[in-house]
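Student: Next one to model:
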Amino acid sequence: METALTTQRVFKVVFVGDSGVGKSSFIHRFCNNSFNPSFSATIGVDFQVKTIQIKDTVIVLQLWDTAGQERFRSITKQYFRKADGVVVMYDVTSEASFVNVRNWMTSIKVQSNPVRLKYKENVDEKTVIEILGNKTDMAEGDDHRVVRMNDGKKLALEYESLFFECSAKSGINIQESMAAMADLLKDKEDEELEKALHIHDDPVEKKKCCK
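Tutor: Numbering: from 1, shown residues only. Prediction:
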């Protein structure tokens, strides 16, 4: 007997990264399970919705595809606000796009892990960050790649982020990376709900009076 789905959650996820790294192609693959090789550069911000199921929970992901060009950076920053998750994407065949991940992180998090400071510029402390290395279908063996998997893992560890390598063209790790994001978003929201319940359930200490 199937268990009825008990809850539905809605999360806002913003995609950032240099122009041409494949953000639009990734979102299209995730939402439609197909690859479109003819995407033009995103102008401003695009928006799509995808519903997935994590255990007994229906999760609605609002996917915000932002422009990577520098002239749109101020617009992009506005969409970090109230974001539940942020995906920072680079191209594994482009060293420049990988180096620029730090610039994108500066827009998201003022200070990273090494000095244990948690100041964030535009996102909430609970926001889930995921670093994605796209276009693995175009990369040779790890020893000959422009950006190796271990480089991506180290950077993600520094920023305490989720990390995946993927290919919008072949479909590798598209569903898996977003399922990991959705699962962590759900867990973090569950923690917040649990805290709120504890606050309301804590008994108020009654004043004792003398007879």
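Student: if you average pLDDT over the strand or helix carrying residue 177, what comes out?
Tutor: Per DSSP states H and E: residue 177 is located in helix 174-201. For helix 174-201, the mean pLDDT works out to 86.
Student: Which positions in that helix come out as buried?
Tutor: 174, 177-178, 180-186, 188-189 (16 or more other C-beta atoms under 10 Å). All C-beta spots, glycine's among them, are computed from the backbone N, C-alpha and C.
Student: Spell out the residue ranges of the strands in the protein.
Tutor: 7-17, 45-54, 57-66, 85-91, 128-134, 162-165 (DSSP state E).
Student: Out of those, flag the one nearest residue 141.
Tutor: strand 162-165 (13.3 Å; C-beta to C-beta).
Student: Residues contacting that closest one, please?
Tutor: 92, 128-134, 136, 149, 152-153, 155-157, 172-173, 176-177, 180-181, 184 (C-beta atoms under 8 Å, 6 or more residues apart in numbering).
Student: swap in stretch 32-39?
Tutor: Applying C-beta under 8 Å, 6+ apart, the contact partners of stretch 32-39 are 24-25, 28-29, 168-169, 171.
Student: Please repeat the previous calculation with a cut-off of 6 Å.
Tutor: Stretch 32-39 is contacted by residues 24-25, 28-29, 169 when judged by C-beta atoms under 6 Å, 6 or more residues apart in numbering.
Student: Repeat that for stretch 128-144.
Tutor: 21-22, 85-93, 145, 148-149, 152, 156, 161-167, 169-170, 181, 184-185.
Student: End to end on that stretch, go ahead and measure it.
Tutor: 31 Å (C-alpha to C-alpha, to the nearest Å).
Student: same question, stretch 84-96
Tutor: 27 Å.
Student: Run through the bridge partners of the closest residue to residue 7 other than its chain neighbours.
Tutor: The shortest distance from residue 7 to any non-neighbouring residue, by C-beta to C-beta, 6 or more residues apart in numbering, is to residue 57 (5.1 Å). Listed by DSSP bridges, the beta-bridge partners for residue 57 are residue 7, residue 54.
Student: Just to check, residue 57 is in contact with residue 11?
Tutor: No - with contact defined as C-beta atoms under 6 Å, residue 57 does not reach residue 11; the gap is 11.1 Å.
Student: Return the helix or strand in the chain with minimum mean pLDDT.
Tutor: The helix or strand of the chain with the lowest confidence, counting by mean pLDDT, DSSP states H and E, is helix 73-78 at a mean of 56.
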